[in-house]
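Chemist: need coordinates for the following:
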Amino acid sequence: MIHLPIFSLIAAMLLWASSFIVLKLSFQYYHPIWVIFGRMVVASLVFAFWIPAFRRIRFRKADIPILAAMALCEPCLYFLLEANALKNTSASQAGLITTFMPLLVTLGAFLFFGERMSKRALAGLGIAVLGVGLLNAGNISTETAPHPLWGNTLELLAMTCGAAYTLLLKRLSSFYSPFFLTALQAFTGAFFYFPLLFLPSVPAPAHFTLEGVLSVVYLGLFITIGAYGLYNYGVSRISAGKAVAFINLLPVLTLFLAWLILDERMTPLQYASSALVIFGVLLNQEPQPVDENGWTKKREKGNGANGQAL
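Modeler: The predicted structure is shown next:
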């Protein structure tokens, strides 16, 4: 029987892979800012039923800046970067860039939490960087990827925000429930993106179509609530390093869905570069002893908050 956190993370990856496809489709109908705002509103309307329960949560003063930083990283900056990335690159290549996230989490844990980074991890990071460099070198502009180099760069910046979010989430999840943290992301995202709707460069929808509306609803229910809820639960139950390793499933799932639904193809050089990136990421994966909070035992500082999840 599959352990529940493992099942949750696998399901989250499948949903996240579908989000690259649905985002590309939704951008055909609405501006990315409207799509992201819409999905946040859909999720917030669902979470609104639990506001009375959230009011009973005891917030610790020291956690408020961390909660704000987590929400700023994702969904605010993350979705802003990813939406613009998918306007410029293909869903297949964007999905591949997500494999960088486990490496960035390892690097962030080393820089900010004093966790050990082995030579093997450094080698994996170097190989993955080389793979992404070759991927960008082999890029050609297409109708679905007009500016792939710029799009891939934005996606990499989005993964940097995602890595920071994962580390902050792990620290907070020992005191706050994954459900509440997911709701906080939805509410914060809705407030963050609302003023952006009035920018001159963000045209309002000329009309609403069934396909466009269903895409936004799908993103709000199944991705913002479903995928993030499952991922947050998984991170709260197992080590951050093991949880983020499931990101490795994203490029394979995204490539398959992009081929099946969007009819996307990559060049032989891009497939070879993809294999190099995945090899680098897999090289980085090595078992680490963890403590009861899900951090490596060699870690000395910043262990995260102690307490019971609500």
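Chemist: for residue 30, see how far away the residue positioned nearest the centre of the chain is.
Modeler: Nearest to the mean C-alpha position of the chain, by Cα atoms, centre = their mean, lies residue 162 at 5.0 Å. Counting by Cβ to Cβ, to the nearest Å, the gap from residue 162 to residue 30 is 23 Å. For the C-beta atoms, the positions are set from N, CA and C on the backbone; glycine is no exception.
Chemist: do the same with residue 81
Modeler: For residue 81, the distance to residue 30 - Cβ to Cβ - is 18 Å.
Chemist: show me what the helix or strand encompassing residue 235 is packed up against.
Modeler: Assigned by DSSP states H and E, residue 235 belongs to helix 228-237. In this structure, helix 228-237 makes packing contacts with helix 4-26, helix 148-172, helix 178-193, helix 240-244, judged by 3 or more Cβ pairs under 8 Å, 6 or more residues apart in numbering; DSSP states H and E.
Chemist: compare these and give me the one nearest residue 234.
Modeler: helix 4-26 (4.0 Å; Cβ to Cβ).
Chemist: quick one: that closest one to helix 178-193, angle?
Modeler: Relative orientation of helix 4-26 with respect to helix 178-193: 20 degrees, computed using axes from the mean of the first three to the mean of the last three Cα atoms, to 10 degrees.
Chemist: gap between helix 4-26 and the chain center?
Modeler: Centroid displacement of helix 4-26 relative to its chain, using Cα atoms, centre = their mean, to the nearest Å, is 10 Å.
Chemist: quick one: buried residues of it?
Modeler: Neighbour-count burial for helix 4-26 flags 5, 8-10, 12-13, 15-26 (criterion: 16 or more other Cβ atoms under 10 Å).
Chemist: residue ranges of the helices in the stretch 51-200 of the chain, please?
Modeler: Assignment of helices within the stretch 51-200 of the chain using DSSP state H, counting those that start in this stretch yields the ranges 51-54, 64-71, 78-88, 91-97, 100-113, 119-137, 148-172, 178-193.
Chemist: turn those helices into a markdown table, columns for mean pLDDT and distance to residue 217.
Modeler: Below are the helices of the stretch 51-200 of the chain laid out as a markdown table (pLDDT from 0 to 100; distance: least, Cβ to Cβ, whole Å):
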| stretch | mean pLDDT | distance to residue 217 |
| --- | --- | --- |
| helix 51-54 | 92 | 21 |
| helix 64-71 | 94 | 22 |
| helix 78-88 | 89 | 16 |
| helix 91-97 | 77 | 20 |
| helix 100-113 | 78 | 27 |
| helix 119-137 | 69 | 33 |
| helix 148-172 | 90 | 23 |
| helix 178-193 | 94 | 14 |
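Chemist: of those, which is nearest residue 256?
Modeler: Between those, helix 91-97 lies closest to residue 256; by Cβ to Cβ that is 9.5 Å.
Chemist: how far out from the middle of the chain is the closest one?
Modeler: 12 Å.
Chemist: okay, buried residues for stretch 55-69 please.
Modeler: 66, 67.
Chemist: just the CA atoms of that stretch, as CSV, please.
Modeler: Only the C-alpha atoms of stretch 55-69 are listed here, as CSV (Å, rounded to 0.1, in the frame of the first residue of the first chain):
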residue,chain,number,x,y,z
ARG,A,55,-9.8,32.9,13.0
ARG,A,56,-9.1,30.4,15.9
ILE,A,57,-5.5,29.8,14.8
ARG,A,58,-3.0,31.2,17.2
PHE,A,59,-0.4,33.1,15.1
ARG,A,60,3.0,33.5,16.5
LYS,A,61,4.4,37.0,16.0
ALA,A,62,7.8,35.7,14.7
ASP,A,63,6.0,33.7,12.0
ILE,A,64,4.2,36.6,10.4
PRO,A,65,7.2,37.7,8.2
ILE,A,66,7.9,34.1,7.2
LEU,A,67,4.2,33.6,6.3
ALA,A,68,4.4,36.8,4.2
ALA,A,69,7.6,35.7,2.5
